[in-house]
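> no sequence on this one, just coordinates:
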């Protein structure tokens, strides 16, 4: 499985702050034997976010695209809005699980607008911008990632285990 990570941050894109979330996510994915092929840092601009997602999905054929940052309610938080404009299908259950699990740690989880969805054969997941929030949210859905991507790619085997 091939992954790409898009860090959405005005300050990191300008070199004013190092990206901590992207490397933390890459480390988690590597531990699951998921190859991180691309890491990108973009400003909190809808067009830049859309362009990065479309490039990874359509041109690079990346299986898993993680965004980190821009999922809250601040005026510059537009990652979910950009993602909604480029996905073909939403997967609301993933976002619901991330918010549920994160709300056990912080009440601020309820203001996350993160979404998950599909573009072509790519799974796209929005994660919070902090390394702690990003990794906790990814951990919540990690057990379903490989199966989800297999299904997106056309695996027709049964979902439920048979006894």
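Right, received. Where do you want to start? In this text the structure is predicted, and so the values were computed from the model without any measurement.
> any idea how far the lengthiest helix in the chain is from the chain center?
Criterion DSSP state H: the longest helix present in the chain is helix 131-152. In terms of C-alpha atoms, centre = their mean, to the nearest Å, the centre of helix 131-152 is set 8 Å apart from its chain centre.
> same deal with stretch 123-132?
Per C-alpha atoms, centre = their mean, the centroid offset for stretch 123-132 relative to its chain is 5 Å.
> Just the buried positions in that stretch, please.
By 16 or more other C-beta atoms under 10 Å, the buried positions in stretch 123-132 come out as 123-129, 131. Bear in mind the C-beta positions are built from the backbone N, C-alpha and C, glycine included.
> go on, stretch 66-79?
Buried positions in stretch 66-79, judged by neighbour count with 16+ other C-beta under 10 Å: 66-72, 77-79.
> Same check on stretch 52-62?
52-57, 62.
> could I get the residues you listed as JSON lines with secondary structure?
As requested, those are exported to JSON lines (DSSP: H, G, I helix; E, B strand; the rest coil):
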{"residue": "52", "secondary structure": "helix"}
{"residue": "53", "secondary structure": "helix"}
{"residue": "54", "secondary structure": "helix"}
{"residue": "55", "secondary structure": "helix"}
{"residue": "56", "secondary structure": "helix"}
{"residue": "57", "secondary structure": "helix"}
{"residue": "62", "secondary structure": "coil"}
